[in-house]
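J.: Build the 3D model from these lines:
(chains A and B)
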Amino acid sequence: MTATTSTPRPTTQLAPSVRPARPLVPARLDFAGVLAAEWRKLFSLRSTWWTLGLTVVLLTLMALGQAAAIADSLGSPEGAAVFADVHGAELVTGGYQFGMLTIAVLGALLITGEYSTGMIRSTFAAVPTRLPVLAAKALALSVLTVITTAVGFAAAYAATMPILSEHDLVPSLTDGTTWQIAGGATAFLVAAALFALGVGTLLRSTAGAVTVALTVLLLLPGILQFITLDWVQTLVEYLPLPAATAFVTVSEAFGGTGGFTPWQGAAVVAAWALVPMIAAAVVLRRRDA
Amino acid sequence: MIEAHDLTKRYGDKTAVHGISFTVRPGTVTGFLGPNGAGKSTTMRMIVGLDEPTSGRVTVNGKRYAEHRTPLREVGALLEAKAVHPGRSARAHLAVMAATHHISPKRVGEVIEMTGLSTVANKRVGGFSLGMGQRLGIASALLADPQTLILDEPVNGLDPDGVQWVRNLVRQLAAEGRTVFLSSHLMSEMAQTADHLLVIGKGRIITSGPVQEVIDGVLGTTVRVRSPQAADLAPLLQAAGGTITSPEPGALEVRGLTGELIGNTALDHHIALHELATQQASLEAAYMALTQDAVEYRSETAPPETSPEPIHSGASR
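T.: Model (predicted):
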């Protein structure tokens, strides 16, 4: 059926192509603009500040707690034996397993918050090709995670300094291992954030995405380690957190003697971030918003 | 200019839009009229690429929406009130939208002024009334000064001042040569705002054309006649040029003839009349008549708002 509206009524008649006489509002869509928009989105929500603040607090307090506990153990001969090869940077970054939780929540909320509120329709109306939105979110989230983690580790460094110096465990900033551990833990948090963003894009639900992210990141490694079947243990090694120990820990006490080399561990962790992100990109293009 | 060709959208086994084709021209306000669930919102979402058509094609100014290099300049859309994160202020929301297109903060301020949001611009959207949400949606649509505006139920939740404001705004935008496409399920609202109507029901275009033509087409006076000899009268009236339907035995609905002529014809042939009533249908009645087969969610109890009686099937086209 074809329905065509006919000519305008006389009072409003104008040539169809006539533009208004006043100057156009300057406008141009590009990736820099999309990135700026995502950046603004992050900082115009209170939830961002809460999660980032909580991340810094967790990174600091958990490091402090762990350092205090280990310092205590070092007083006894048994403890001293267990923690003989511990590296100071492992203690400073010790809160990363907690920081990963809040960072993952932030990553999931970044997209599920848009789906749950309807904002996604405004977003995709402005950027109908959609993929730049996901790329900009991933980039903004990664940068923000790096900054937050750096702040958290710096605070943890300062907070644990008195305890670590007593045991001559203050990590040297000229020691390559220090930077491997700190950089590795930071990269792991970026991967956790991207994993949650990818899962969030696929599921579109905050509850669903947070549940999946926390299950994979935290619960599965904890629960499955009690099932001592060989194949289950192999599976556990390939989960993000156990795989990450290959590059964020160096001492036996912290599990740094797993099956993977640091680079293998990094590859496994990167896959956990990339696979959901690629799947999200494929789905995002075709799905109705 | 919006052009749809054989546009179809299915969700699972439910067809929301059924092969519709239409053109919305610049310089006019085109009303998209239909009951809830008729496919208006789905069609509008397809225009701006939020929903992918199952088949068919819709273009804005000659291209699919996503192919435009400056989408917000081509189309400003209000698709539903509060397609906005409630935790953000109105100004922050507009600033986010503006950032994608490098639109200046000055322009953000302008649309806030234009839509009367100045006093609440820094408040979080979560606390907004439906009317304020609509104003924010319209502000967002106007941000890049678009050539085409798509407004889905823009007066929903607005107070009478707000309704008047939207009416004037869309008329002015059309007068500037823009394409304005707005939907409503309220015939009376459309009659006051639109130049052209596109009436949709159950995913199909029912009728279209200039507003007055559509109304006249539906409202052509109907005369209700009751007579024990209705069967004899009907062919006589038909011969006189009337269109006859018989809703029940002994009753006729006549279109195209005046009550006077019908009465005289009956007298000439010695036919007794028990009732001869000219029906004055309201705009709403015309709309009901148009869409009565096309209402997706009909209330069982609510009688149609008509006076004095509903137009019967004789009025549908």
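
J.: Verify the stated contact: residue A:103 with residue A:148.
T.: Yes: with contacts counted by CB atoms under 8 Å, residue A:103 reaches residue A:148, the gap being 7.4 Å. No exception for glycine: its C-beta is placed from N, CA and C like everyone else's.

J.: Determine the residues that are contacts of both of those two.
T.: residue A:55 (CB atoms under 8 Å, 6 or more residues apart in numbering or on different chains).

J.: Packing partners of the helix ranked longest in chain B?
T.: In chain B, taking DSSP state H as the definition, the longest helix is helix B:160-175. Judged by 3 or more CB pairs under 8 Å, 6 or more residues apart in numbering or on different chains; DSSP states H and E, the packing partners of helix B:160-175 are strand B:29-33, helix B:130-142, strand B:148-152, strand B:179-184, helix B:187-193.

J.: Get me the contact residues on the stretch 51-200 of chain A for chain B.
T.: A:113-114, A:117-122, A:124-129 (CB under 8 Å from any CB of the partner chain).

J.: and stretch B:234-248, which residues are buried?
T.: If you call a residue buried by 16 or more other CB atoms under 10 Å in any protein chain shown, then stretch B:234-248 has these buried ones: B:234, B:236-237, B:242, B:244-246.

J.: nope, stretch B:159-175 is what I meant
T.: In stretch B:159-175, counting by 16+ other CB under 10 Å, buried: B:162-163, B:165-167, B:169-171, B:173-175.

J.: Repeat that for stretch A:269-287.
T.: Neighbour-count burial for stretch A:269-287 flags A:269-270, A:272-273, A:276-277, A:280-281, A:284 (criterion: 16+ other CB under 10 Å).

J.: hang on, the earlier thing: tabulate the helices and strands packed on helix B:160-175 (a markdown table), appending mean pLDDT, distance to residue A:222 and mean neighbour count.
T.: Shown next, in a markdown table, are the helices and strands packed on helix B:160-175 (pLDDT from 0 to 100; distance: least, CB to CB, whole Å; neighbours: other CB atoms under 10 Å in any protein chain shown):
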| stretch | mean pLDDT | distance to residue A:222 | mean neighbour count |
| --- | --- | --- | --- |
| strand B:29-33 | 94 | 55 | 29 |
| helix B:130-142 | 94 | 44 | 24 |
| strand B:148-152 | 96 | 48 | 24 |
| strand B:179-184 | 94 | 53 | 26 |
| helix B:187-193 | 83 | 60 | 20 |
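
J.: what's the closest of the ones you listed to chain A?
T.: Chain A lies closest, by CB to the nearest CB, to one member of the helices and strands packed on helix B:160-175: strand B:29-33, at 5.6 Å.

J.: ok and the helix or strand following that closest one relative to strand B:148-152, angle-wise?
T.: Helices and strands here follow DSSP states H and E; after strand B:29-33, the next one along the chain is helix B:40-47. Between helix B:40-47 and strand B:148-152, the angle comes out at 150 degrees (axes from the mean of the first three to the mean of the last three CA atoms, to 10 degrees).

J.: Which neighbouring elements make contact with the helix or strand following helix B:40-47?
T.: Later in the chain than helix B:40-47, the nearest helix or strand by DSSP H and E is strand B:55-60. For strand B:55-60, the packing partners by 3+ CB pairs under 8 Å, 6+ apart come out as strand B:2-11, strand B:14-24, helix B:40-47.

J.: Adding distance to chain A and mean pLDDT as columns, could you present these in a markdown table?
T.: Shown next, in a markdown table, are the helices and strands packed on strand B:55-60 (distance: least, CB to the nearest CB, whole Å; pLDDT from 0 to 100):
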| stretch | distance to chain A | mean pLDDT |
| --- | --- | --- |
| strand B:2-11 | 8 | 96 |
| strand B:14-24 | 5 | 94 |
| helix B:40-47 | 8 | 95 |
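
J.: Name the helix or strand of chain B that has the lowest mean pLDDT.
T.: When the helices and strands of chain B are scored by mean pLDDT, DSSP states H and E, helix B:283-291 comes last with a mean of 67.

J.: Render the CA-only coordinates of stretch A:28-46 in CSV, please.
T.: The C-alpha coordinates for stretch A:28-46 follow below in CSV (Å, rounded to 0.1, in the frame of the first residue of the first chain):
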residue,chain,number,x,y,z
ARG,A,28,30.4,16.7,13.1
LEU,A,29,30.4,13.1,14.3
ASP,A,30,33.7,11.3,14.8
PHE,A,31,35.4,8.9,17.2
ALA,A,32,37.0,11.7,19.2
GLY,A,33,33.5,13.0,19.9
VAL,A,34,32.1,9.6,20.8
LEU,A,35,35.0,9.1,23.2
ALA,A,36,34.4,12.5,24.7
ALA,A,37,30.8,11.6,25.2
GLU,A,38,31.6,8.3,26.9
TRP,A,39,34.1,10.1,29.1
ARG,A,40,31.4,12.6,30.1
LYS,A,41,28.9,9.8,30.7
LEU,A,42,31.3,8.2,33.2
PHE,A,43,31.9,11.3,35.2
SER,A,44,28.3,12.6,35.2
LEU,A,45,27.1,9.6,37.2
ARG,A,46,27.6,9.2,41.0
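
J.: Could you list the residues in contact with that stretch?
T.: Looking at what lies outside stretch A:28-46 - CB under 8 Å, 6+ apart - the contacts are A:48-49, A:110, A:113, A:126-127, A:132-133, A:135-137, A:139-141, A:144, B:69-72, B:85, B:87-89, B:92-93, B:95-97, B:99-102.

J.: In helices only, show me the residues you listed.
T.: A:48-49, A:110, A:113, A:126, A:132-133, A:135-137, A:139-141, A:144, B:71-72, B:92-93, B:95-97, B:99-100.

J.: of those, buried ones?
T.: A:48, A:110, A:113, A:126, A:132-133, A:135-137, A:140-141, A:144, B:71-72, B:92-93, B:95-97, B:99-100.

J.: Low-confidence ranges, the chain, go.
T.: Since no chain was named, I'll use chain A. Low-confidence segments of chain A (pLDDT under 70): A:1-23, A:255-258.

J.: Actually, chain B is the one I wanted.
T.: B:81, B:216-221, B:280-286, B:292-317.

J.: Report the central residue of it.
T.: residue B:33 (1.7 Å; CA atoms, centre = their mean).

J.: is it true that that residue touches residue B:211?
T.: No: the pair residue B:33 / residue B:211 is not scored as a contact, 9.6 Å apart, by CB under 8 Å.
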